[in-house]
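Peer 1: Here is a sequence with its predicted model. Questions after.
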Amino acid sequence: MGMVLCWCLTLLTAVQASDFAPVVQGRPLVFRADTGAHPDYRTEWWYITGWLTDEDGAERGFQVTFFRVATGIGADNPSRFAPRQLILAHAAIADPATGHLLHAERAERGLEPLAGAAQDRTQAWIKDWGLILDDDRYRARIETEAFAFDLSLIAAGPPLLNGRAGFSQKTPDPNHASYYYSRPQLAVTGRMRLNTEEHQVTGRAWLDHEWSSQLLSEEAQGWDWIGINLHDGGSLMAFQMRHPDGSVLWSAGTLVAGGADPRYLTPAQVRFQPQRRWRSPRTGKLYPVTWELEIDGQAWQLLPLMDDQELDGRQSTGVLYWEGGVRLMAADREIGRGYLEMTGY
């Protein structure tokens, strides 16, 4: 869901949600226009996660996210240097060979040609980092000293609308909602560099694009989210919002069993039950890294690619969270792979 950006907006709490465009149920999503930026809304993100296999068969997870934040500052300032929009980005590789994430982040004001997000199609960038959509092919480019990737991601079908026709409610109050669609089953090819070693990679990925004008509800401590590419060609997105005591505030999801029509999952049909926990040696935070899932009466299990997938985003969004590759299991059989995001622990 990539909702971690809501946390960094605590820096902008003096600005009210009413200063931005509202999310309204019944507003249709239109493509390709809605693949681009929506600067009238407060927050927005393009969030790609996936699994890659190199020429030697080694498996790794990867993530790249571009965030756009409308600050509510400088609207009446004619200067192009006014900080009306912020662009932030995270990139990470989950490598079992190292046992932890390789991670980098950037943050800039929206100022062409340095950084920006186009409105007519997906095109977000900060300097030489970029994500762009051409027809149904995305290209993601990240260059850092420790790692890099240049990936082509081809969509398997049209955008998948989450919630009620793209209106995704986040609490019992429908005023806390976003516009939200996914592109599951992205076929990935390209290159990856780890330090000085170059690899050719293939794999599967998932893209979420979401925008809203609401901050995280005061009732919510955090959330757990999964985006899973199922091996039968289908997909599963599910999330739960948690109260400070750990109880469930709201949950929902979208299930596509291979070849079937998408099904909206209500709170009664989504249940996350934490199992084994792992404590970060750097921050002391305790995360549930294995989960029992109950999705519309079906019992599944989530197992991590590796335990230490904690991402330290304090230099950009100001947040620590766990975000990493997971396997979806039915008994002892793997039925899908994807990513799990956990915040508020």
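Peer 2: On my side now, so go ahead.

Peer 1: give me the low-pLDDT residue ranges for this structure?
Peer 2: Within the chain, the segments meeting pLDDT under 70 span 1-15, 17, 73-82, 313-318.

Peer 1: which one's the longest strand in the chain?
Peer 2: Longest strand in the chain by number of residues, with DSSP state E as the criterion: strand 177-194.

Peer 1: give me every residue that touches residue 243.
Peer 2: 219-221, 249 (C-beta atoms under 8 Å, 6 or more residues apart in numbering). Glycine gets a C-beta too; all of them are placed from N, C-alpha and C.

Peer 1: Now restrict those to buried residues only.
Peer 2: 220-221, 249 (16 or more other C-beta atoms under 10 Å).

Peer 1: Tell me the one of those nearest residue 242?
Peer 2: Nearest to residue 242 out of the buried ones among the contacts of residue 243 is residue 221 (C-beta to C-beta; 5.1 Å).

Peer 1: thinking again about what came up before, just the closest of the buried ones among the contacts of residue 243 to residue 280, please.
Peer 2: Of the buried ones among the contacts of residue 243, the one sitting nearest to residue 280 (C-beta to C-beta) turns out to be residue 221, at 17.7 Å.

Peer 1: From what I see, the closest one and residue 248 are in contact.
Peer 2: No: applying C-beta atoms under 8 Å as the test, residue 221 and residue 248 come out as separate, 11.0 Å apart.

Peer 1: joint contacts of those two?
Peer 2: Listed contacts common to residue 221 and residue 248 are residue 242; contacts here mean C-beta under 8 Å, 6+ apart.

Peer 1: thinking again about what came up before, please identify the pairing partners of the longest strand of the chain and their relative orientation?
Peer 2: strand 147-154 (antiparallel), strand 160-161 (antiparallel), strand 167-169 (antiparallel), strand 197-212 (antiparallel) (DSSP bridges).

Peer 1: which phi and psi does residue 306 have?
Peer 2: The phi and psi values for residue 306, taken as degrees, to the nearest 10, are phi -160, psi 160.

Peer 1: Now do the same contact list for it.
Peer 2: By C-beta under 8 Å, 6+ apart, the residues touching residue 306 are 94, 96, 99-100, 324-325.

Peer 1: Could you single out the nearest of these to residue 173?
Peer 2: Of those, the one sitting nearest to residue 173 (C-beta to C-beta) turns out to be residue 324, at 30.7 Å.

Peer 1: Okay, residue 143 and residue 107: tell me how far apart.
Peer 2: Per C-beta to C-beta, to the nearest Å, residue 143 is found 17 Å from residue 107.

Peer 1: For those two, work out which one has more neighbours and name it.
Peer 2: residue 107 (18 against 15; other C-beta atoms under 10 Å).

Peer 1: returning to what we had before: want to try TSV for the contacts of residue 243, with distance to residue 204 as columns?
Peer 2: Output for the contacts of residue 243, formatted as TSV (distance: C-beta to C-beta, whole Å):
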residue	distance to residue 204
219	35
220	30
221	31
249	31
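
Peer 1: Among those residues, name the ones in strands.
Peer 2: Residues of the contacts of residue 243 located in strands (DSSP E): residue 249.
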